[in-house]
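**Q** sequence below, structure please.
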Amino acid sequence: MDRRDFLRSAALSAGAFAVVRDTTMFRRTALSATRPHVPGPLYIPPTVSPDGLVLTARASTGEIAPGVRSPILTLGDGPIAPTIRARAGERARITLRNALDEPTILHWHGLRPPEKDDGHPRLAIAPGAEYAYDFTLDEPAGTYWYHPHPHMRTAAQVHLGMAGFFVITDRDEQALGLPDGDHELCLALQDKRPDANGHIAYNVTMGHDMMEGLLGSAAYVNGVRQPSVEVDAAPYRVRVLGAGSARIFRLALSNAQPLTLLGTDGGLLDAPVSLPHLDLSTGERADLLLDFSALAVGTRVMLVSLPFDAPYRGMGGGMGMGRGRMGGMGGAGVIPNGGAMELLEFVVTRAARSRARGRATSPERLVPLPPVDARRFDTTRTFRFRSAMMQHTINDTMFDMERIDVRVPFGATERWTFVNDGPFPHPVHMHAVRFRVLGRAGGRNQLFPWERGWKDTVLVYPGESVSVVATFDRHRGRFLMHCHNLEHEDHGMMLNFAVV
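**A** Coordinates of the predicted model:
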């Protein structure tokens, strides 16, 4: 895509929006000056099997707040897509039908299907067409997800509802006795900009929205604005997904109770980790154990995003760090990255049931993780991410659908280093492989507990370089590596690598 195409797309997608400001911790955000927000129930999408599944992409309306029906795009009947559940080794035979008025294609984020099933944007289907997927789920138990990947329209389609969880289980995981059934929740976290009527749209400005990525004025969980969910006084397994355009969530509970981290993008860790909070960027997942066992009936606990220093250098090149510093860049009322947000309210409404599934404390050990040997790799490659002058580039090049940027020998183990030379954070995602994070230099200058296991997306702040190691031994073919800030990937920050 050249600069002319970029500017044309930005102009077409730019639009006006009505939003309201709130960066105060633990305070309900107003829908408008005259219509205060009232939390409604969390939307729980239906659970479906991938064998013989038909997903129809279409425009519809959905209830995104009590009494508020807004235009959405959907792959089911609700404001997010159905949750696909399967066992490792099962077959995924899925048909995508496009009833939209624009092209689309689905990518199975974190899974490693063959090239024809991966959802590359060049495979996008026209309105009225169908696409047949057929691949084996040869993955460990874990929290994966799926979303559209058409060139220059990924952000809009995800923002408006076309994304869902893809959960895989296996015998080893089930033997751990983790909470399941009614004591398991999947939470897709987004931020959007409701207008005075509570409706949402994908309206971005030519300037800062295109450069830093779209940031909203209110949180949405499973497509519903700041909802509430009733829980037992029992442990819950909670799978969370960063599904916004550019938001980095710093997840915590409002009562300061620790989070127990069980797994990351590519499955379970070797052992649980207790954390006061964890960071989650677009595309990343966290598998958590939240224990409400000691809470009295009637207790309300909020899942929140804590305030933190915004990860920006500033447009002039200086670090410009500071909580809320960038608050006006996306328009009035936009909560900046690093601004406090309320996400979801847990309401303890029932005492623990005698047959509640899952133990109150997690097992001491989960699944074995192979050690990471930073010295054993065949090739080292460096990729520099830059955002400047209305362009997003990798190694100074914008995405070209047909150009092969990197050729990787099949079976090779390679060290890839992602260097952020620009002013904005970049969550970097690789298709077709999973990786282990080796190290981070500059910026935060450390690895975090949520980066210990198998990953497919890693967050790189301005001034940082992050190295990962991956083995390309699953499939030959053409795949993508890109920034998962959705505006960045739509407008140039992707490349093709071919496993040959």
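**Q** mind pulling up the pLDDT for residue 352?
**A** Note for residue 352: predicted pLDDT of 75.
**Q** ugh, wrong one, I meant residue 333
**A** Model confidence at residue 333, given as pLDDT, is 85.
**Q** where does it sit: helix, strand or coil?
**A** coil (DSSP: H, G, I helix; E, B strand; the rest coil).
**Q** that one - how many residues pack around it?
**A** Number of residues near residue 333 (other CB atoms under 10 Å) recorded here: 21. Every C-beta, even on glycine, is put in place using the N, C-alpha and C of the backbone.
**Q** tell me which element the residue nearest to residue 406 when sequence neighbours are not counted falls in.
**A** With CB to CB, 6 or more residues apart in numbering as the criterion, residue 406 has its nearest non-adjacent residue at 4.0 Å, and that residue is residue 497. Assigned by DSSP states H and E, residue 497 belongs to strand 494-499.
**Q** got the CA positions of that strand in PDB?
**A** Taking Å, rounded to 0.1, in the frame of the first residue of the first chain, the C-alpha atoms of strand 494-499 are listed here in PDB:
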ATOM      1  CA  MET A 494       2.600  -5.800   8.300                       C
ATOM      2  CA  LEU A 495       5.000  -8.000   6.300                       C
ATOM      3  CA  ASN A 496       4.800 -11.400   4.600                       C
ATOM      4  CA  PHE A 497       7.200 -14.100   5.500                       C
ATOM      5  CA  ALA A 498       7.400 -17.400   3.600                       C
ATOM      6  CA  VAL A 499       8.300 -20.700   5.100                       C
END
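**Q** neighbouring strands of it in the sheet, and parallel or not?
**A** Applying DSSP bridges to the sheet, strand 494-499 is found paired with strand 406-408 (parallel), strand 477-483 (antiparallel).
**Q** can you give me the helices in the protein?
**A** Secondary structure of the chain (DSSP state H): helices located at 3-13, 154-159, 171-174, 208-212, 486-490.
**Q** so residue 345 sits against residue 228, correct?
**A** Yes: in this structure, residue 345 is within contact of residue 228 by CB atoms under 8 Å, at 4.2 Å.
**Q** which neighbours do the two share?
**A** Counting by CB atoms under 8 Å, 6 or more residues apart in numbering, the common neighbours of residue 345 and residue 228 are residue 39.
**Q** coming back round to it: which of the strands paired with strand 494-499 sits most buried?
**A** Mean neighbour count (mean count of other CB atoms under 10 Å) peaks for strand 477-483 among the strands paired with strand 494-499, with a mean of 22.
**Q** residues in contact with that one?
**A** Contacts for strand 477-483 (CB under 8 Å, 6+ apart): 114-116, 118, 120, 383, 385, 392, 394, 399, 404, 406, 416, 426-432, 488-489, 493-499.
**Q** circling back to that earlier point, distance from the chain centre to the strand holding residue 497, please.
**A** In terms of CA atoms, centre = their mean, to the nearest Å, the centre of strand 494-499 is found 21 Å from the chain centre.
**Q** now what about it, what contacts it?
**A** Counting by CB under 8 Å, 6+ apart, 383, 394-395, 397, 399-410, 432, 472, 475-483 sit against strand 494-499.
**Q** state the pLDDT value of the closest residue to residue 76 other than its chain neighbours.
**A** In this structure, residue 76 finds its nearest non-sequential neighbour in residue 82, 4.6 Å apart by CB to CB, 6+ apart. Residue 82 carries a pLDDT value of 98.
**Q** next, count neighbours for residue 82.
**A** Look at residue 82: counted by other CB under 10 Å, it has 20 neighbours.
**Q** ok, so what distance separates it from residue 92?
**A** Using CB to CB, to the nearest Å, residue 82 is found at 13 Å from residue 92.
**Q** I'd say residue 416 and residue 379 touch.
**A** No: with contact defined as CB under 8 Å, residue 416 does not count as touching residue 379 (9.0 Å).
**Q** more neighbours: those two, which one.
**A** Legend: neighbour count by other CB under 10 Å for residue 416 and residue 379, higher for residue 416 (24 against 12).
**Q** how about the more buried one, what does it touch?
**A** Counting by CB under 8 Å, 6+ apart, residue 416 has contacts 380, 381, 382, 383, 430, 435, 467, 468, 469, 470, 481.
**Q** quick one: those residues as TSV, columns for distance to residue 212 and pLDDT too.
**A** Written out in TSV, the entries for the contacts of residue 416 read as follows (distance: CB to CB, whole Å; pLDDT from 0 to 100):
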residue	distance to residue 212	pLDDT
380	30	95
381	27	98
382	24	98
383	20	98
430	23	98
435	26	97
467	25	97
468	24	97
469	30	97
470	28	96
481	21	98
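**Q** what's the closest of those residues to residue 454?
**A** residue 435 (7.5 Å; CB to CB).
**Q** please report how far the nearest residue to residue 65 once chain neighbours are set aside lies from residue 79.
**A** Leaving aside its chain neighbours, residue 65 sits nearest to residue 225 (4.4 Å; criterion: CB to CB, 6+ apart). Using CB to CB, residue 225 is found at 10 Å from residue 79.
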